[in-house]
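> Okay, here's the prediction I keep looking at, along with the sequence it came from:
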Amino acid sequence: MSTILPSFIADIRAARPGQSVAIQDNLTLFRVPKQRFRNGQTYALTHENKITLIDTVHAITRGAVDRFLNGRTPAALLITHSDLVGQALGSPTELSDWLGGAPVLIHSYDSMNRPGLHPLESNTPILEDIHVAYHHVPGHTPGSTAYLHLPTGYLFTGDIIVGNNYEKPHQHFTHAPISDADWALNKVGWEGIPVAGVKAVLPLHGQPSFGPQAFAEAKAAGLDRARLMRE
C-alpha cells in the first residue's frame, strides 16, 4: 500500500463539509459533500507566494475559501472536468469575479464555449507561471484533465481516479465508469503522465495518497477495467 499520512486523514475525517484542512504547509483542502461519487475535497496550493485553486467551485466551501484567501487573489482556478461547472456556485464569469478576476481554466473539450472559461491549450503562459503541467485523460468527460504541480509532484486528478472511502484504513483506488469508446483514449492519457514526477495523488473524491507508490497504484487502477467503483 502507498504511504498515507494518518494525521491529516484523521483531520479530514473529522472535518464537516465546507470546512478546510491544511494537510501540508503549502496544501489545503476543502471538504465537499457527496455529489455523484463519494465524499471528497477541492484544493488550494501555495507556491512562491502564488495561490492556485483546484476545483474550488462549490457554494458550501465559499466561506472557507474566502477565509483562506484573506483578500488575496489566486493566480488561477483550475477545473478538472465539466461536471464541476454545473455544480458551481455561479457561472464561470461569476467565479472569476468572486476570485478577484482570476482566470478559470478548463480543457477546451469541456468548455462548451461557455463565457468565462479559458481553454488550457491557449493559456500555457498562465500554467507556466504557476509551474503546472496539464495531462488530458478523457473518459469520465471528453476534457477530463489531471494537473501536475512540477515543483512538488502533486497530481490533482479530478474524477479520473477515485480514492478509498475515508472510513477505510487503507487506500484502494478505483475509477468512475468509462465507455468502451473512450477507454483507449483514457489509456493514452494515463500513459502520458510521467511516473517519476508524481509524489502525491489528490483526487476529487476519496482519500488522497502520498508516497513513492501512490501514482503506480492509481495508474494501475485507472487502467484496470475491473477496478470500477461500485460503492
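Everything's here; your move. Residues are numbered from 1 along each chain as shown.
> buried residues in stretch 187-205?
By neighbour count on 16 or more other CB atoms under 10 Å, the buried set for stretch 187-205 is 189-190, 193, 198-205. The way it works is simple: take the backbone N, C-alpha and C, and place the C-beta from them, glycine included.
> Would you tell me what the next helix or strand after the lowest-mean-pLDDT helix or strand in the chain is?
Using mean pLDDT, DSSP states H and E, the weakest-scoring helix or strand in the chain turns out to be helix 6-14, at a mean of 83. Later in the chain than helix 6-14, the nearest helix or strand by DSSP states H and E is strand 20-24.
> Low-confidence stretches in this structure?
1-6, 35-37, 231 (pLDDT under 70).
> Select the longest strand from the protein.
What stands out as the longest strand in the chain, according to DSSP state E, is strand 40-47.
> what does it rub up against?
With CB atoms under 8 Å, 6 or more residues apart in numbering as the test, strand 40-47 has contacts from 12, 21, 26-32, 34, 51-58, 61, 65, 68, 74, 130-131, 149, 151-152, 154, 156, 163, 202-206, 208.
> can you rerun that using 7 Å?
Here strand 40-47 makes contact (CB atoms under 7 Å, 6 or more residues apart in numbering) with 26-32, 51-56, 61, 68, 131, 149, 151, 154, 156, 202-206.
> Please state the offset of it from the chain centre?
8 Å (CA atoms, centre = their mean, to the nearest Å).
> after that strand comes which helix or strand?
Past strand 40-47, the next helix or strand by DSSP H and E is strand 50-54.
> Give the partner strands of that next one in its sheet and their orientations.
In the sheet, strand 50-54 lines up against strand 40-47 (antiparallel), strand 76-78 (parallel) (DSSP bridges).
> Turn these into JSON lines, including distance to L120 and mean neighbour count.
JSON lines is the format used below for the strands paired with strand 50-54 (distance: least, CB to CB, whole Å; neighbours: other CB atoms under 10 Å):
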{"stretch": "strand 40-47", "distance to L120": "17", "mean neighbour count": "23"}
{"stretch": "strand 76-78", "distance to L120": "8", "mean neighbour count": "26"}
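> Ok, which of those comes nearest A221?
With CB to CB as the criterion, A221 lies closest to strand 40-47 of those, at 16.1 Å.
> From the buried residues of stretch 187-205, which land in helices?
189-190 (DSSP state H).
> What I need now is the buried residues of stretch 187-205 written out in TSV, including distance to P177 for each item.
Formatted as TSV, these follow (distance: CB to CB, whole Å):
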residue	distance to P177
G189	16
W190	16
I193	21
V198	24
K199	28
A200	25
V201	20
L202	21
P203	16
L204	15
H205	13
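> about what we covered before: tabulate the strands paired with strand 50-54 in TSV, adding columns for distance to D180.
Converted to TSV, the strands paired with strand 50-54 look like this (distance: least, CB to CB, whole Å):
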stretch	distance to D180
strand 40-47	26
strand 76-78	29
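> nearest to G143, of the ones you listed?
The stretch from those with the least distance to G143 (CB to CB) is strand 76-78; that distance is 12.3 Å.
> which residues touch the closest one?
Here strand 76-78 has contacts from 52-54, 56, 95, 99, 102-105, 126, 130, 147, using CB under 7 Å, 6+ apart.
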